[in-house]
Every structure is written in C-alpha cells, then in structure tokens.
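Asks: sharing a model prediction with you, sequence too.
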Amino acid sequence: MTNKIIMGEVPGAGPAQMDLAELLATRLLVQGNSGSGKSHLLRRLLEQSARLVQQAIIDPEGDFVSLAEKFGHLVIEGADYSEMALHAAGERMRMHRASVVLNLEGLDADQQMKWAAAFLGGMFEAPREYWYPVLVVVDEAQLFAPAAAGEVSDEARRSSLGAMTNLMCRGRKRGLAGIIATQRLAKLAKNVAAEASNFLMGRTFLDIDMTRAADLLGMERRQAEAFRDLARGTFVALGPALYRRPTPVRIGTVETESRSAGPVLAPFEPPSAPVHELILAPLPAAESVARPRNAPATPPPDLLSQLAAHGEVQANVAHA
C-alpha cells in the first residue's frame, strides 16, 4: 500500500504529493483567510486518505457531513448528545475503528468547545490496545484553541484548550495525528500551533498573520507580502511530509461538496409589486398572535450502538 497521496500540483513541476506516514508522525497546520480555499484543501486531504487511514473530524459548521455518503463516515450530530455520551463515543470510535464527523453546527461557542473537548478526551483516553493511527482534523481551530480569552466561560476555554494541547503535544504516541486549520494564526494559541511540523499557508492579508506565516516557513520578512497575492486554492507547503523548501501547491479537485459552499451570484430582479406594500404591510391579527408550536423532540438514537454497528459495516467492507 502506498503512503503517498496527491494533493494537487506544483505549477510547472508535476503532482504535489504528501507522505501520509510522515504526516501521522509530524502533524499539520493549515492557514488561510475566508475564501482562500482552506476547507477545500481539508476536503481534498480527507478524500484522498479516506481509504487509507481512520479519520475524526471536528466540524463546527457542518461542512464535512457530505463525506458520509461517499466514504462511509458516521455523522454524529453534537446537538443530540451530552458531553458524557460524546466522551464515550470518542473512545468507542477508536475501538471500532470507525471514521467519524462530529457536527457541532447549531451549538453556541461555549457548547462547541465543551463538546469537542469531551470527544477529543475520549479518543485520547482510549486503552492502549486501540491506539491505531487516526487523522484528527479540527476546522476553525482558533475557536477551540483561542490565543486569548473571549466571551466563552473559563471552564469551556480551559477544557477545550487542554484537549487541543493534548492532541498536538501528546497525541502522536497514541496514534492521533492532529490536522488543525485556522483563518488567522494570530488568534490560535501558540503552544498548539508550534507542535505542527508541516504547513500549508494560503492567502492572508493582515501583517501580523503574514509575518507569523513567514516565520513558520523560514521565509524572510520581506517575502511575507507574497501571501497577499496567492490565488484561491494555492498554498505554500513546507514540512517533512511535503517539501523541504517552501513550495507553492495548487490544490486539486474534490469528489464531495460542502453543504455551505457560500452564496452564488445570480441576476438581480427587483420585485414587481410596490416594495412598501411587500415589506411594511400590516400583519393579519391571527398571524400576529398565533405562533406555531414546535413539534415534540424525538429522542436521539443510541450513539454507542450506532458506532458499534458502523464499525462492523466498515470491517465487512474492508474484508470484502
């Protein structure tokens, strides 16, 4: 079995390869402003390695749930479960070797941090006999390992930052390979970012982020402004799993699509009726008083049984 996956191409120099075995040992940091193609890069990496290694994805926006249909990932809707259930799920997904997307969409920032910490904690505390290699992808990592205290509770920040630090600092011996992606390096805790040995740096505009990116890649400060000129989907790669010198890489196509790909420009047609009547018409009396009642919530499925069944299906597919 090959350890190489194709991330795209080096302009004018052929395919851009990533050494998956080396990545598992040395971790990866991806940085790019919104619109730089950061999520596309993660999707390419996940798709290319889905058949080669187990994966766990911390997904704050529900961008990666579409991997389930194509590659068989189990999607866990974080809003349906408690911290305790997710801690157990993190341990069980390693025992059953199931690839999982933890969808935290719809939760507030405080809950997202606590739920992610519980899931990562379960993975980290799995018994030694289940320390198989796992790619652990954390999108928008600055939300889970912030450089400074924000509006979330101290408890949530401590637990989330501790889990992310364990992932990046101590996870390698347990088979956990952290892949963290952030929009801004300045907002990401330095002790978490510093543990990565591989880097893919995309388009960024703020001086402080460009300077940190240049420092991580060993580039001169005067070269930092080059990050402003990178095209969407182009990243500068460096690291033992990638290239020994900073090398531009154009990320290739993907097979799955994000549910939140962003707005699409469409022809604008003004309304035919008078705008005043459409926007400011008085509400009917019945509509202003009566409000539809929410349907009673249905209990979530048994998560541990779901993980066990998913692991059995994946094992049968692997042996078929």
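Replies: Happy to help now that I have it.
Asks: continuing past the helix or strand hosting residue 46, what's the next helix or strand?
Replies: Using DSSP states H and E, residue 46 sits in helix 38-49. Counting by DSSP H and E, the element after helix 38-49 in chain order, helix or strand, is strand 54-59.
Asks: wait, doesn't residue 209 sit right on residue 186?
Replies: Yes: taking contacts as CB atoms under 8 Å, residue 209 lies within contact range of residue 186: 5.6 Å. C-beta: built from backbone N, CA, C; applies to glycine.
Asks: those two - which one has more neighbours?
Replies: Per other CB atoms under 10 Å, whichever of residue 209 and residue 186 has more neighbours is residue 209, with 23 against 17.
Asks: now do the helix or strand encompassing the more buried one, average pLDDT.
Replies: Secondary-structure assignment from DSSP H and E places residue 209 in helix 207-216. Helix 207-216 carries an average pLDDT of 83.
Asks: repeat for stretch 229-241
Replies: The model assigns stretch 229-241 a mean pLDDT of 92.
Asks: now do the buried residues in it.
Replies: 230, 233, 234, 235, 236, 237, 238, 239, 241 (16 or more other CB atoms under 10 Å).
Asks: centre-most residue in this protein?
Replies: residue 139 (2.5 Å; CA atoms, centre = their mean).
Asks: and for the closest residue to that one other than its chain neighbours, the neighbour number?
Replies: Counting by CB to CB, 6 or more residues apart in numbering, residue 181 is the residue found nearest to residue 139 once chain neighbours are left out, at 5.2 Å. Residue 181 has 23 neighbouring residues, counting by other CB under 10 Å.
Asks: who touches the particular helix or strand that has residue 181 in it?
Replies: Here residue 181 sits within strand 176-182, counting by DSSP H and E. Strand 176-182 has contacts (CB atoms under 8 Å, 6 or more residues apart in numbering) with 23-25, 27-32, 38-39, 41-42, 45, 123-124, 133-142, 145, 164, 167-168, 171, 188, 192-193, 195-196.
Asks: filter these down to the buried ones, PyMOL style.
Replies: Buried members of the contacts of strand 176-182, defined by 16+ other CB under 10 Å, are picked up in PyMOL with:
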select buried, resi 23+24+27+28+29+30+31+32+38+39+41+42+45+123+124+133+134+135+136+137+138+139+140+141+142+145+164+167+168+171+188+192+193+195+196
